[in-house]
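[1] predicted structure and sequence below. I'll ask about it afterward.
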Amino acid sequence: MTASHPRHRRALVVPAGMALATTLAFLPNTAATAAPAAPAGQGAASADAASLSYVVNVRGGHGAPAHVKKAIAKAGGTIVTSYEKIGVIVVHSSNADFARTIRKVPGVQSAGATRNAPLPSAATTDLGSPKVLSATEVAEATEQAAADQDPLQNLQWDLPAIKADKAHEKSLGSPKVTVAVIDTGVDDTHPDIAPNFDRAASVNCVAGKPDTSEGAWRPGAAESPHGTHVAGEIAAAKNGVGMTGVAPGVKVSGIKVSNPDGYFYTEAVVCGFMWAAEHGVDVTNNSYYTDPWYFNCKNDPDQKALVEAVTRATRYAERKGAVNVAAAGNENYDLSADEITDPSSPNDGTPSDRTVDPSECLDIPTQLPGVVTVASTGAKGLKSSFSNHGLGIIDIAAPGGDSTALQTPAPPATSGLILGTLPGGKWGYMAGTSMASPHVAGVAALIKSRHPYAPPALVKALLYAQADATACTTPYDIDNDGKVDAVCEGPKNRNGFYGWGMADALDAVTR
């Protein structure tokens, strides 16, 4: 099968009209005219010193010191915005030595380029398109739906997999709870999303600072439908239209952090978490990695600064009451291994194979402290063929889909992928840990609905305690070719494939 996906490689998108084969393929990232990567510690400046974006990290809670602001200007930098509560300053500069110069300034704790491609990004990518349900498929599913079901619910094998169908008999979740989809944008005009959309908690953060103009949170016509799909998985309304979300009674907001080329840069991600923190968001869903590095190594001064900036933002959001949920990734990596070969970084420059230690080189935000890391399962309840894993890394598992040939759902469902909402009032299939994460975000929202005063630590504790313990799949030969495709370590109640187990929506509304 041919598959393409957003550049952050958290979802596998099945192009319309293409047949499914036995495996889910991964397309390489492409960059048409991106600048080459600079050596570590040299600001990752482009060859022609075009303007780049940087984060400068100082002590939080006190505002950017005046002497740091002066030093930024002297070094050829222009401050875009400053998140003073966490001490992160977003800067643009065309000075190739900006990061190296500013790191020497007293009070600057770290600083680094957030990208290799100049502003605006010169890279382009084919984001592909999901398999869109035809009018015939919608009509057939509608005819088969029970009286108490939304028309497309029979196609959603993922709901009974986490007992969400049973949970909905008890509770749909509270409209006082909001899940923010930090992603490629959300089409709030979709009939399954509009009833539950939280306008006040929505924003465009692509430039690294909030843009609250009407509709700024929506994806452009040529941009990925990824965020809209995720939003529907979480909170598509139970309204007699289309599909049903995991938590169809809660609110969902769109925080757009992906630029038109599909990049999720650090300044946008920081802005997204800060916006969520300041606007009463209870859960954030993060189905991406922060570009351009799949793994950010702390021994590189640029990458260290990116880790620090996003860490500060996620921790601040959690302190303000948000549970942060993130996708584990789609490369079938063992994130607890001693080393991993990363062939895709930097994905906006000239990638090369590099060997990294995943304990020191982090996939952000999913590997950051306090973030719920979600692995994907298919229709047979097994780890998806593509899902990253790792003992002590994976916290919980949920349906993210897999090739129908590898994990075939029980009828009347017909696809092993995950149904979701698409821009323009459509529905279609995608697969990936991108789809697993919103299932967990939805369950967390149901927990928060039942326990409205629970702080994030308690919501996470309940999420893990209520998960259905799932033993390792051993041997894991998902395609039955006689070769082990991944190795699971750990006991039934905490292992590298499923973490604490499969998320349980019914327990979330009853316990």
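    Great, that's in hand. Numbers count the residues shown, from 1 in each chain.

[2] quick one: end-to-end distance for stretch 277-288.
    End-to-end span of stretch 277-288 (Cα to Cα, to the nearest Å): 19 Å.

[3] now that stretch: average pLDDT?
    Stretch 277-288 shows a mean pLDDT of 98.

[4] what do you get for stretch 54-72?
    93.

[5] buried sites along that stretch?
    Residues Tyr54, Val55, Val56, Asn57, Val58, Gly60, Ala64, Pro65, Val68, Lys69, Ala71, Ile72 are the ones in stretch 54-72 that count as buried (16 or more other Cβ atoms under 10 Å). In short, each C-beta sits where N, CA and C put it, glycine included.

[6] for stretch 221-235, same thing?
    Applying a neighbour-count criterion of 16+ other Cβ under 10 Å, one finds 223-235 buried in stretch 221-235.

[7] still on that earlier bit, closest to Gly215 among the buried residues of stretch 54-72?
    Val55 (27.7 Å; Cβ to Cβ).

[8] separation between that closest one and Pro260?
    21 Å (Cβ to Cβ, to the nearest Å).

[9] which residue sits closest to Ser449, ignoring its sequence neighbours?
    Distances taken as Cβ to Cβ, 6 or more residues apart in numbering place Ser174 nearest to Ser449, at 3.8 Å, with adjacent residues excluded.

[10] quick one: residues contacting the one you found.
    Gly249, Val250, Lys448, Ser449, Pro452 (Cβ atoms under 8 Å, 6 or more residues apart in numbering).

[11] secondary structure element holding it?
    Counting by DSSP states H and E, there is no helix or strand that carries Ser174.

[12] how near is the residue most central in space within the chain to Glu308?
    Centroid check for the chain by Cα atoms, centre = their mean gives Ser287 as the closest residue, at 1.3 Å. Per Cβ to Cβ, Ser287 is found 23 Å from Glu308.

[13] and the nearest residue to Gly400 once chain neighbours are set aside, what are its phi and psi?
    Of all residues not flanking Gly400 in the chain, Ser376 sits nearest, at 2.8 Å (Cβ to Cβ, 6+ apart). Here is the backbone geometry of Ser376 (degrees, to the nearest 10): phi -110, psi 140.

[14] from Gly232, how far out is the residue nearest to Ser449?
    With distances taken as Cβ to Cβ, Ser174 is found 19 Å from Gly232.

[15] check Pro195 too.
    Taken as Cβ to Cβ, the span from Pro195 to Gly232 is 12 Å.

[16] what do you get for Cys205?
    According to Cβ to Cβ, Cys205 stands 21 Å off from Gly232.

[17] same thing with Gly220?
    For Gly220, the distance to Gly232 equals 19 Å [Cβ to Cβ].

[18] also Pro452?
    Counting by Cβ to Cβ, the gap from Pro452 to Gly232 is 24 Å.

[19] contacting residues for Pro65?
    Contact analysis of Pro65 by Cβ under 8 Å, 6+ apart lists Val58, Gly107.

[20] so where do the helices sit in the stretch 51-200 of the chain?
    66-74, 98-102, 135-144, 158-161, 164-167 (DSSP state H, counting those that start in this stretch).

[21] oh sorry, the question was meant for the chain
    Along the chain, counting by DSSP state H, helices occupy 66-74, 98-102, 135-144, 158-161, 164-167, 226-235, 266-278, 301-319, 433-450, 456-466, 505-510.

[22] least reliable of those going by mean pLDDT?
    Taking the mean pLDDT of these, helix 135-144 comes last: a mean of 91.

[23] got phi/psi on Asp300?
    Dihedral angles (degrees, to the nearest 10) for Asp300: phi -100, psi 120.

[24] counting neighbours, what do you get for it?
    A total of 18 residues lie near Asp300 under the criterion other Cβ atoms under 10 Å.

[25] what do you get for Ala145?
    By other Cβ under 10 Å, neighbour count at Ala145 equals 17.

[26] how much space is there between it and Trp427?
    Distance from Ala145 to Trp427, by Cβ to Cβ: 13 Å.

[27] hmm, back to that, could the contacts of Ser174 go into TSV alongside neighbour count and distance to Gly499?
    What follows is the contacts of Ser174, written out as TSV (neighbours: other Cβ atoms under 10 Å; distance: Cβ to Cβ, whole Å):
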residue	neighbour count	distance to Gly499
Gly249	21	26
Val250	28	23
Lys448	30	20
Ser449	21	23
Pro452	10	26
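
[28] out of those residues, which is nearest to Leu335?
    Lys448 (27.3 Å).

[29] and the chain, what are its domains?
    Domain ranges of the chain: 12-18+125-510, 52-113, per automatic domain parsing.

[30] got the contact list for the nearest residue to Val132 once chain neighbours are set aside?
    Leaving aside its sequence neighbours, Val132 sits nearest to Gly428 (Cβ to Cβ, 6+ apart; 4.2 Å). Neighbouring residues of Gly428 by Cβ under 8 Å, 6+ apart: Ala16, Pro130, Lys131, Val132, Leu133, Pro225, His229, Leu419, Gly420, Leu422.
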